[in-house]
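Peer 1: The following comprises the amino acid sequence and a computationally predicted model.
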Amino acid sequence: MAKRERVVRMSVEQPLWRALTAYRLLTAGYAVLLFVSAYRQFVRPWVAVAYLAVLVVWTLATLPKVAGAAACTKRFLGADLTVAMVGILLTPVADSARRIAEGGPTLPSIWTAGSVLAFALKGGWRWACFASTFVAVANVVQRGAPTRDTVHNVLLVWVASIAIGYVVEVARASENTLARALEIEAATRERERLARDIHDGVLQVLAMVQRRGTALGGEAAELGRMAGEQEVALRTLVSSGLLPASRVSRDAAQGALVSAEEVEEPGADEPAELDLRALLAPHAGSRVSFAEPGAPVVLPAPAARELAAAVSAALDNVRRHAGETARAWILVEDWTDEVIVTVRDDGPGIPEGRLVQAEGEGRMGVALSIRGRLRDLGGTADLVSVPGQGTEVELKVPRNGAGAGR
C-alpha cells in the first residue's frame, strides 16, 4: 500500500507579512503622488526625484525580503531603515522651508511606517521600539524642533508598531503551544493504534500460550509461564507509551509543525469503499449469529476495516471471558446518518468495576481495540453488562466522520 508523509503547517503571522508587502507598494506610490502634486513648490525637485526613484526601485527589489520572517534578515532591516531615515533627512534639502514649517510630509511620507512594521513582525515589540526611536530622532532633526505634528506622528508610529510587535509575540507563543498540543494528540493516537494492533495479535497469542501451557503441564507449563511474563512486559510497554516525542518546528518563516505522519493511501487495486457485511460475515458460525440488512452497508474502506476489527475484538473478549461455549449475536443496522453494530453474548457478564481494574493492570482490550478504534472514527462504543445476563457492545459510526480512520 502506498504511503505519503503528510505535514501540516500553520502560521498566524504570514498574513501580516502579506499585508506589509501590499502596504509598502501602496505607500511608495503614495509618496510619488504627493511629490507630483506639489513638485512646483520644491526648491530642489531633482533631489526628490532621485530619492523617490531609489525608493521605488528599492521597494520593488526587496519584495521577496518581506515575504516572511526567514527572508527578512537583520541586514535588510538595517538597510531598509537607512533608506527611510535618509529620505526624512533629505526633505529639508529638497523641499521649501515654508512647506516644512506648515507641516508638509517628508519625502518617504508614510512609507517609513512600513520599515518600522517590518522590525515589529521580525523581532517583536522590542525591535519595533528600537526602529521607532531612530525614526523619531530623524523626524525631530528634520523639523529642527519637536513640533506638535511631529510628536503626534512619532507617537502614532511608536504605539502602532509596538502593539503589532506584541501581538506577533503572543501569536507565536500561542501557535507553539497549540502545535505542541496537537503533536501530543497525534502521537497519542498513533501509540493507541499500535497498541491495538499488538493487542489483536501478539498479546492474544501469548495469552493463549500461557493458558494452554498451564493446562498441559510439564515443560509446556514453563513455556506458558514465560509467555505470561512476556505478556505482562509487553502490556506494560504498550500502556506506558511506544512513541518518542517528535520535534516541533519553531521556524517563524514556516510556522509551527503540527504533525508529520505517514498516511496510507489506497493502492490502484484497492476499493475506496467496502461493504461492511462482507467483512463481518466470516464471523458467523454455529455459536455466532449474524443479522444484516438486505442492502449493502457501504463505508469508506479504512472505516469499514476499523469497525470490523472492533467487532472482532469484541468477539475475542466473548471467547476469552465467556468461554468457548458462549453464544454471540452480531446485528448490523444501516441508518441514514450512522451505522450501528451490536455484539451481544449470553456469558456471565462483567462484574462492576472490572474494566477499570483491567485498564489499571495494563489490559487495554476494550479501551484500545474497541473504544479507541471507534473514537478515531468519530463514533462511540457503549458497553452494557449485567452479571449473569451477558454483555452487549454497541458500536456507532457516523457517516460524516467515517473517513477519519487510519
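Peer 2: Yes, it's here.

Peer 1: For the chain, which segments count as strands?
Peer 2: 3-10, 256-264, 273-275, 288-291, 298-300, 328-334, 338-345, 380-385, 391-398 (DSSP state E).

Peer 1: helices or strands up against the last one?
Peer 2: The helices and strands touching strand 391-398, judged by 3 or more Cβ pairs under 8 Å, 6 or more residues apart in numbering; DSSP states H and E, are helix 301-317, strand 338-345, helix 373-376, strand 380-385. Where you see a C-beta, it was placed from the backbone N, CA and C, and this is true even at glycine.

Peer 1: now for the shortest one, which elements pack on it?
Peer 2: By that I understand helix 373-376. Under the contact definition 3+ Cβ pairs under 8 Å, 6+ apart, helix 373-376 sits against helix 148-198, helix 301-317, strand 380-385, strand 391-398.

Peer 1: repeat for the second one
Peer 2: Strand 338-345 sits against helix 276-280, helix 301-317, strand 328-334, strand 391-398, with contacts defined as 3+ Cβ pairs under 8 Å, 6+ apart.

Peer 1: that older thread, point out the one among the helices and strands packed on strand 391-398 that comes closest to residue 116.
Peer 2: Using Cβ to Cβ as the measure, helix 373-376 is the one of the helices and strands packed on strand 391-398 that comes nearest residue 116, at 48.4 Å.

Peer 1: Restrict the closest one to CA atoms and write it as CSV.
Peer 2: Extracted C-alpha coordinates of helix 373-376, given in CSV (Å, rounded to 0.1, in the frame of the first residue of the first chain):
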residue,chain,number,x,y,z
ARG,A,373,-11.0,2.5,17.2
LEU,A,374,-14.5,4.0,17.4
ARG,A,375,-13.1,7.3,18.8
ASP,A,376,-10.7,7.6,15.9
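
Peer 1: I'd like the average pLDDT over that helix.
Peer 2: Helix 373-376 shows an average pLDDT of 85 in the prediction.

Peer 1: next one: stretch 272-292
Peer 2: Rounded to a whole number, the mean pLDDT of stretch 272-292 is 86.

Peer 1: can I get the helices and strands packed on strand 338-345 in TSV with mean neighbour count?
Peer 2: Putting those into TSV (neighbours: other Cβ atoms under 10 Å) gives the following:
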stretch	mean neighbour count
helix 276-280	20
helix 301-317	22
strand 328-334	19
strand 391-398	21
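
Peer 1: Of all the ones you listed, which one comes closest to residue 136?
Peer 2: Across the helices and strands packed on strand 338-345, residue 136 has its closest neighbour in strand 391-398 (59.4 Å, Cβ to Cβ).

Peer 1: Give me the distance between that closest one and the centre of its chain.
Peer 2: The chain centroid and the centroid of strand 391-398 are separated by 30 Å under Cα atoms, centre = their mean, to the nearest Å.

Peer 1: Who does that strand pair with, and is each partner parallel or antiparallel?
Peer 2: The partner list of strand 391-398 in its sheet, established with DSSP bridges, is strand 338-345 (antiparallel), strand 380-385 (antiparallel).

Peer 1: now residue 381, which residues is it bridged with?
Peer 2: Listed beta-bridge partners, residue 381: residue 395 (assigned using DSSP bridges).

Peer 1: is it true that it touches residue 394?
Peer 2: Yes - in terms of Cβ atoms under 8 Å, residue 381 counts as a neighbour of residue 394; the distance is 7.3 Å.

Peer 1: mind checking which of the helices and strands packed on strand 391-398 is nearest residue 175?
Peer 2: Between residue 175 and the helices and strands packed on strand 391-398, the shortest gap by Cβ to Cβ is with helix 373-376, which sits at 25.7 Å.

Peer 1: Give me the contact list for stretch 216-226.
Peer 2: Here stretch 216-226 makes contact (Cβ atoms under 8 Å, 6 or more residues apart in numbering) with 209-214.

Peer 1: Now that stretch: average pLDDT?
Peer 2: For stretch 216-226, the mean pLDDT works out to 77.

Peer 1: Just give me how far that stretch sits from the chain centre.
Peer 2: Worked out by Cα atoms, centre = their mean, stretch 216-226 lies 49 Å from the chain centre.

Peer 1: Going by neighbour count, list what's buried in it.
Peer 2: Across stretch 216-226, burial judged by 16 or more other Cβ atoms under 10 Å covers 223-224.

Peer 1: again with stretch 72-91
Peer 2: 72, 76-77, 80-81, 83-85, 87-88, 90-91.

Peer 1: Quick check, pLDDT for the residue lying closest to residue 112 once chain neighbours are set aside.
Peer 2: In space, and not counting its chain neighbours, residue 112 is closest to residue 84: 4.3 Å by Cβ to Cβ, 6 or more residues apart in numbering. At residue 84, the model reports a pLDDT of 92.

Peer 1: wait, doesn't residue 84 sit right on residue 115?
Peer 2: Yes - under the criterion of Cβ under 8 Å, residue 84 makes contact with residue 115 at 4.4 Å.

Peer 1: residues shared between the contacts of the two?
Peer 2: Counting by Cβ under 8 Å, 6+ apart, the contacts common to residue 84 and residue 115 are residue 135.

Peer 1: Just confirm residue 39 contacts residue 48, I think it does.
Peer 2: Yes - between residue 39 and residue 48 there is a contact under Cβ under 8 Å: 7.3 Å.

Peer 1: more crowded one of the two?
Peer 2: With neighbours defined as other Cβ atoms under 10 Å, residue 39 and residue 48 compare such that residue 48 has more, 25 against 12.

Peer 1: mind listing what the more buried one touches?
Peer 2: Residue 48 sits in contact with 35, 39, 42, 90, 94-95, 107, where contact means Cβ under 8 Å, 6+ apart.

Peer 1: Neighbour-wise, which one of these leads?
Peer 2: Scoring the contacts of residue 48 on neighbours with other Cβ under 10 Å, the highest-scoring entry is residue 107 at 26 neighbours.
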